[in-house]
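Student: Mind looking at a prediction? Sequence and model below.
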Amino acid sequence: MEDEKFDAIVVGAGPAGSAAALTMARAGMNVVVFERGDQPGSKNVMGGVLFREATESVFGTFWDDAPVERPVIEQRLWLMSKNSVVSAGFRTSEFAEPPYNAFTVLRAKLDPYFAKKAEDAGAYLITETQVTDLIAENGKIVGVRTGREGDLYADVVLMAEGINAFATVKAGLRKDFTMENAALAVKEVHALPREVINERFNVSDNEGVTILLAGEFCHDMMGSGWIYTNKDTISIGFGAIVSHMVESKANPNALIEEVKAHPAVQPLLRGSEIKEYSAHLIPEVRYDELPRPYGDGYMLLGDTAGFVNFLYQEGSNMAIVSGKLAGETAAAAKNRGDFSATSLAEYEQKLKSSFVMKDLHDLRNAPGFFRTHREFFGTYPRLLNQAAKSFLTVDEVPKKQRRNEIFRMVRQGRPLRKMGKDMFDAVRAFW
Ligand code: FAD
């Protein structure tokens, strides 16, 4: 394959890379995809919830034959103190039927499915091959350097390496994300019989639940946890901004143990067997620090470009849609016979017209807000739990006196002036 020339090279067979490869192969382009893992998904980690609409826009009615776990019919939010929970949630059986809203998934099973779709459309997948560097000529990216396959050339190179984008950073197409711009997440997969999962989460075989966890276990770091039901397993995880972990000398293993030991979580996992443990970074990049996603002869996709909506825990949908838009741009560039930065700028225009950039722009102040208002990850959940416990305790204290006690307790926990400012800052950050 030495010195062979393709229309497009895709680096990485995650959701972004496979979506791009499929889009370009369908457009009749000659595409090769490099994946460093022994198969797509073997090195990938995700919570994970896969969103139906974005996925369908590239892979069609994937739920008919894709190895998805359960359609999500209920989403819960748990705001936790050390030993109690204030919860909210939404459940509808409508989400258990087509067109569905979202599915729980395991990436080791799902990524090979996506990559196979691209292969079936004509893309050429090469696994166990890491792209170690990019080849540039006169400032234009013209190919890739690999350990096993030597140098390969293409009109355009699509970088879908994920967050650890070594080749992208090495070639100077993006700066390395800082400790402020990434979260470290740890995840465990616990096996339990299907009927036990159904009973504990109040669902039937084809129904799934997600629980987003926030509260004191974050130790004032900007972070959150999650519990997702799969068919015969439960995924549980925790993640926080890397700089906060370093600053508070937090040990990720100890943190996930703390989440698992919480009295509301522990009964859900009782008797389970740990099948998998993994750790991975998640981009949490401020909008104004996102890299330019294109240049002469290349485009940046998915996590490589920092496309993750941390507040809504969405990354796979942004990866898939950015892959689709990059693939469409490459096909249009081929028709024009022009792979210059000016021609590939169409990719950024498409991103701006899609939910990807609209959502990231809309939430542009959220990362900064949460980084400087860590009380939302500790103090407020604790106060909320104390207030709920006090409010719901039935004894001989008159109700008016109890309400005054709650008010005093909340005021001591966070002075009213500061609370007012927190709310004002929140309104400014989100609206
Ligand atoms: P990746 O999925 O990281 O894929 C990159 C691929 O490129 C990998 O297969 C890798 O092996 C390969 N690769 C890397 N470098 C090279 C190289 N040089 N040469 C060859 N191959 C290479 N998103 C959601 O939507 N829902 C969730 O519930 C969710 N939960 C998450 C939980 C965790 C713990 C983490 C870490 C992330 C989560 N995300 C979630 C985010 C989501 O996983 C990512 O946004 C998404 O996977 C990005 O896809 P991608 O294709 O850009 O990158």
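Tutor: It's in. Numbering: from 1, shown residues only.
Student: rest of the way, CA atoms for contacts and neighbours
Tutor: Fine.
Student: Could you verify that residue 183 is part of a helix?
Tutor: No - using DSSP: H, G, I helix; E, B strand; the rest coil, the secondary structure at residue 183 is strand, not a helix.
Student: In contact with the residue nearest to it when sequence neighbours are not counted, which residues?
Tutor: What sits nearest to residue 183 in space, not counting adjacent residues and going by C-alpha to C-alpha, 6 or more residues apart in numbering, is residue 241, at 3.9 Å. Neighbouring residues of residue 241 by C-alpha atoms under 8 Å, 6 or more residues apart in numbering: 179, 180, 181, 182, 183, 184, 221, 222, 223.
Student: Now tabulate the residues you listed in a markdown table and tack on neighbour count.
Tutor: Below are the contacts of residue 241 laid out as a markdown table (neighbours: other C-alpha atoms under 10 Å):
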| residue | neighbour count |
| --- | --- |
| 179 | 16 |
| 180 | 17 |
| 181 | 20 |
| 182 | 21 |
| 183 | 25 |
| 184 | 20 |
| 221 | 27 |
| 222 | 26 |
| 223 | 26 |
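Student: how about stretch 229-238, does it reach the ligand?
Tutor: No - figure legend: stretch 229-238 not in contact with the ligand (C-alpha under 6 Å from any ligand atom); closest approach 6.8 Å.
Student: Could I get the average pLDDT for stretch 42-54?
Tutor: Computed over stretch 42-54, the mean pLDDT rounds to 89.
Student: Sorry, slip of the keys, the one I care about is stretch 216-226.
Tutor: Stretch 216-226 comes out with an average pLDDT of 94.
Student: Run the chain-centre distance for it.
Tutor: Taking the mean of its C-alpha atoms, stretch 216-226 sits 17 Å from the chain's own mean (C-alpha atoms, centre = their mean, to the nearest Å).
Student: now do stretch 92-108
Tutor: Mean-position distance between stretch 92-108 and its chain equals 16 Å (C-alpha atoms, centre = their mean).
Student: next one: stretch 76-95
Tutor: Averaging C-alpha positions (C-alpha atoms, centre = their mean) puts stretch 76-95 20 Å from its chain's average.
Student: Just the terminal-to-terminal distance for that stretch.
Tutor: Terminal residues of stretch 76-95 are spaced 14 Å apart (C-alpha to C-alpha, to the nearest Å).
Student: hmm, who's touching it?
Tutor: 71-75, 100-102, 209-217, 262-264, 378, 381-382, 384-385, 388.
Student: Low-confidence ranges, the stretch 1-150 of the chain, go.
Tutor: 1-4 (pLDDT under 70).
Student: Flag every residue of it that's near the ligand.
Tutor: So the stretch 1-150 of the chain meets the ligand at 11-17, 34-37, 40-41, 43-50, 129-132 (C-alpha under 6 Å from any ligand atom).
Student: Please indicate which of those are buried?
Tutor: Buried residues within those, counting neighbours by 16 or more other C-alpha atoms under 10 Å: 11-17, 34-37, 40-41, 44-50, 129-131.
Student: can you tell me which of those residues are in helices?
Tutor: Among those, the members falling in helices (DSSP state H) are 15, 16, 17.
Student: now, which of those residues sits nearest residue 106?
Tutor: The closest of those to residue 106 turns out to be residue 15 (C-alpha to C-alpha; 12.5 Å).
Student: Setting aside sequence neighbours, what's the nearest residue to that closest one?
Tutor: Sequence neighbours aside, residue 320 is the residue nearest to residue 15 in space, at 5.4 Å (criterion: C-alpha to C-alpha, 6+ apart).
Student: Helix, strand, or coil at the one you found?
Tutor: Look at residue 320: counting by three-state DSSP, its state is helix.
Student: Now tabulate the contacts of residue 241 in TSV and tack on distance to residue 197.
Tutor: Output for those, formatted as TSV (distance: C-alpha to C-alpha, whole Å):
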residue	distance to residue 197
179	36
180	37
181	35
182	32
183	29
184	28
221	30
222	30
223	26
